[in-house]
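S.K.: Below: sequence and its predicted model.
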Amino acid sequence: MGDLVRFGISLEKELLNKFDLQIRGKKYTNRSEAIRDLIREVLIKSEWQKNQEVTGAITLVYNHHKRELVNQLMDIQHDYHDNVLSAQHLHLDHDNCLEIIAIKGRASRVEELFGKLKSTKGVKYSGLARATTGSKII
């Protein structure tokens, strides 16, 4: 960690009390750690908005018995082979599967891939966990 800088902020007492309640519930040991995380979230959101090189994970839940669905999802991933780092396929039960796809690339391309996967007929759930490559975050 680089040089630490102390700074003060002014907040309404009620707002600070609510913040303290939240961070206690999330097991932060102090306000500084919570504020650092909030700042990082803003910086990561900015990376995505500025179409920078990003990373993350796409999750899909689908019925593997749906005709041709697995092949369609695989074809889409192959079309974006430069963005798909890894895929893990898990069997949730007899019918349903969970797929976790680690992704990396320009934000717009990753969002495009996510859009195609989630809109594939037969996908029951999709999610995108947006993250950073870490190169621009301390």
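M.R.: Noted; the coordinates are in hand. None of these values were measured; they are calculated from a predicted model.

S.K.: how close does Glu14 sit to Leu21?
M.R.: As judged by CB to CB, to the nearest Å, Glu14 and Leu21 stand 11 Å apart. Backbone N, C-alpha and C define where each C-beta goes, glycine included.

S.K.: Who are the packing partners of the longest helix along the chain?
M.R.: Under DSSP state H, the helix in the chain containing the largest number of residues is helix 31-49. Judged by 3 or more CB pairs under 8 Å, 6 or more residues apart in numbering; DSSP states H and E, helix 31-49 is in contact with helix 13-25, strand 53-63, helix 107-118, strand 123-132.

S.K.: Just the angle for the last one relative to helix 107-118, thanks.
M.R.: When axes from the mean of the first three to the mean of the last three CA atoms, to 10 degrees is applied, the directions of strand 123-132 and helix 107-118 differ by 160 degrees.

S.K.: Next, the buried residues of strand 123-132.
M.R.: Val123, Ser126, Leu128, Arg130, Ala131, Thr132 (16 or more other CB atoms under 10 Å).

S.K.: ditto for the longest one
M.R.: Residues of helix 13-25 classed as buried under the neighbour-count rule (16+ other CB under 10 Å) are Ile23.
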